[in-house]
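> predicted model follows, preceded by the sequence.
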Amino acid sequence: MKRFRTTLAAASAAGLLAVGGCGFEGVYDIPLPGGADLGDDPYTVRVHFPDVLDLVPQAGVRVKEVPVGTVKDVRLAEDGWTAEVVLAVNGDVELPANAVANLRQSSLLGEKYVELAAPAAEDTDGFTDSKLSDGDLIPVERTNRSVEVEEVLGALSMLLNGGGIEQLNTITEELNAALEGNAPDVKALLRNTEELVKALDEQSGDITTALDQLNRLSSTLNAQRDKIAVAVEDLGPGLEVLERQRDQLVTMLSALDGLSEVAVETVNAGQEDLVANLEALLPTLRKLGEAGADLPHALQLLLTYPFTDAAAEGVKGDYLNLYIDLDLDLQEILANIGRSRQNPLQNLPIVGDITNPRETDPDDTSSVLPLPGDGGGDGGGDAEPAPGGGNGLGGILDSMIGGER
């Protein structure tokens, strides 16, 4: 019997030595029976939690309640504020690169484990093709933990002991006292509230549009924040100038007030004359309106005379094209001169000296030949006028062109 005990002690010591020789540094390095199968090629994932509670190494890692790995290490992260948990995950498990991690509890008093899962559908943008791989980090923004039983019991204890339960009686009594005898007012308040809610519901589209417009306005103002800041900063010197000129502005406004009173009195005094002037001006304005586009064209022609816009078409470089129809028919020329009301030869002496003797002596007719159409040399007024007109020009012209006198 003693020999058997000695043999058992030696075997136990050998087993401990063997365990120590395999490199185990503590009890957390001993694999637990029934753990997850890591396979031949597991990969490592680091997860940052704000609080790991009592999570310990060798805890499980699950995906949809299926064990897929274990917790290798729990340590303080480099930032000094969060906990870093190192996970070993089976290499056959595929998760998106933006996977989330939650710290959960298997039962009310069960062990803690880390649950890995894919994010919600709206959070998969940009990560649809990438997978979680060895050495990846799940940041604290994508981690969470379940509520602890201690936290639930503590909140319930606060509610029951020092919370609002004991005040429910007081609240009920005060509500009864406030509502007692005020039932019509309360009903009216509820009806008004219902009408208000209905009106708001009917205007929901307008309210939504107004909010959208306000959002666009805010976006526009945000985009022009720098310009608005510059405008506000530049507004200060302008306000200082206005402050310095305040007395002058007040004086100007006072003078303007006096001027307005005088203007009102003047208009009231000359109201009838002003109305009469406007009524007299009405026909002129009406005619100007009827002129329409003719008046601008006439002014354009008047201001550009003699070289109108049409004259520019005849100018070629440094010369001007001019087209003239000239009638040199002698008979037509003389006929035109004969139709004139003025005698072209009235200032020229026909015979004798240049000076007309009649200018010095109206009765002297000896040295002047009578013009055709005049009376005889004796000044008789009963002579028959020469053909061609009473001024004598027709007879001369008829003689020049070979006609009868």
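It's in. Here the structure is a predicted model, which is why all the values come from computation and not from measurement.
> rest of the way, CA atoms for contacts and neighbours
Will do.
> need the three-state assignment for residue 239.
State at residue 239, reduced to three classes by DSSP: H, G, I helix; E, B strand; the rest coil: helix.
> any idea how far it is from residue 132?
Residue 239 sits 62 Å away from residue 132 when distances are taken as Cα to Cα, to the nearest Å.
> got it, and residue 221?
For residue 221 relative to residue 132 (Cα to Cα), the value is 42 Å.
> compare these two (neighbour count), which wins?
Comparing residue 221 with residue 132 by neighbour count (other Cα atoms under 10 Å), the higher total belongs to residue 132, at 19 against 13.
> look at the more buried one and report its pLDDT.
Per-residue confidence for residue 132 comes out at a pLDDT of 90.
> run a quick neighbour tally on residue 136.
By the measure other Cα under 10 Å, the count of residues near residue 136 is 15.
> host element of the closest residue to it other than its chain neighbours?
For residue 136, ignoring the flanking residues on the chain, the nearest one in space by Cα to Cα, 6 or more residues apart in numbering is residue 45 at 5.3 Å. If you go by DSSP states H and E, residue 45 is part of strand 43-49.
> list the strands paired with that strand, with their directions.
Paired with strand 43-49 in the same sheet, following DSSP bridges, are strand 83-89 (antiparallel), strand 136-138 (parallel).
> contacts for it next, please.
77, 82-91, 101, 133-140, 143-144 (Cα atoms under 8 Å, 6 or more residues apart in numbering).
> Produce a ChimeraX select command limited to the buried residues of those.
The ChimeraX selection below is limited to those of these classed as buried (16 or more other Cα atoms under 10 Å):
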select :82,83,84,85,86,87,88,89,90,91,101,133,137,138,139,140,143,144
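> would you map the strands across the protein?
Taking DSSP state E as the criterion, the chain carries its strands at 43-49, 60-63, 66-76, 83-89, 100-105, 112-117, 136-138, 143-145, 315-316, 319-320.
> CA atoms only for the second one - export them in PDB, please.
Taking C-alpha atoms only, strand 60-63 is exported to PDB below (Å, rounded to 0.1, in the frame of the first residue of the first chain):
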ATOM      1  CA  GLY A  60     -16.100  31.800 -25.600                       C
ATOM      2  CA  VAL A  61     -16.500  33.700 -28.900                       C
ATOM      3  CA  ARG A  62     -19.800  33.000 -30.700                       C
ATOM      4  CA  VAL A  63     -21.500  33.900 -34.000                       C
END
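> which elements pack onto it?
For strand 60-63, the packing partners by 3 or more Cα pairs under 8 Å, 6 or more residues apart in numbering; DSSP states H and E come out as strand 66-76, strand 112-117.
> direction included, what does that strand pair against?
Strand 60-63 pairs in its sheet with strand 66-76 (antiparallel), strand 112-117 (parallel), by DSSP bridges.
> pick the most buried one from the ones you listed.
Across the strands paired with strand 60-63, averaging neighbours per residue (mean count of other Cα atoms under 10 Å) puts strand 112-117 on top, at a mean of 22.
> what angle sits between that one and strand 100-105?
150 degrees (axes from the mean of the first three to the mean of the last three Cα atoms, to 10 degrees).
> export strand 112-117 as PDB, just CAs?
This file holds the C-alpha atoms of strand 112-117, laid out as PDB (Å, rounded to 0.1, in the frame of the first residue of the first chain):
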ATOM      1  CA  LYS A 112     -19.600  36.000 -20.300                       C
ATOM      2  CA  TYR A 113     -18.800  35.600 -23.900                       C
ATOM      3  CA  VAL A 114     -18.100  37.800 -27.000                       C
ATOM      4  CA  GLU A 115     -20.600  37.700 -29.800                       C
ATOM      5  CA  LEU A 116     -19.500  38.700 -33.300                       C
ATOM      6  CA  ALA A 117     -22.100  39.700 -35.900                       C
END
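> which residues touch it?
Under Cα under 8 Å, 6+ apart, the answer for strand 112-117 is 54-55, 59-65, 71, 95, 99-106.
> average pLDDT for that strand?
92.
> need phi/psi at residue 328.
Phi and psi for residue 328, reported as degrees, to the nearest 10, are phi -100, psi 20.
> and for residue 335, the neighbour number?
14.
> in the stretch 151-300 of the chain, where is pLDDT below threshold?
Within the stretch 151-300 of the chain, the stretches with pLDDT under 70 are 162-166.
> which stretches of this protein form helices?
2-21, 149-161, 168-179, 183-202, 204-223, 225-244, 246-269, 271-291, 294-303, 330-338, 357-360, 393-400 (DSSP state H).
> packed most tightly, which of those would that be?
Most buried among the helices of the chain, counting by mean count of other Cα under 10 Å: helix 393-400, with a mean of 18.
> for it, what is the average pLDDT?
What helix 393-400 shows for mean pLDDT is 50.
> could you do stretch 80-94 as well?
In the prediction, stretch 80-94 has an average pLDDT of 92.
> contacts for that stretch?
37-52, 61, 68-77, 131-132, 140.
> now do it: distance from first to last residue.
Using Cα to Cα, the end-to-end distance of stretch 80-94 comes to 31 Å.
> now stretch 288-299
13 Å.
> got it, and stretch 60-68?
First residue to last in stretch 60-68 (Cα to Cα) measures 8 Å.
> same check, this time on stretch 106-117
Rule used - Cα to Cα; the end-to-end distance of stretch 106-117 is 16 Å.
> before we move on, what about stretch 142-151?
Start-to-end, stretch 142-151 (Cα to Cα) is 22 Å.
> what separates residue 135 from residue 52, distance-wise?
In terms of Cα to Cα, residue 135 sits 20 Å off from residue 52.
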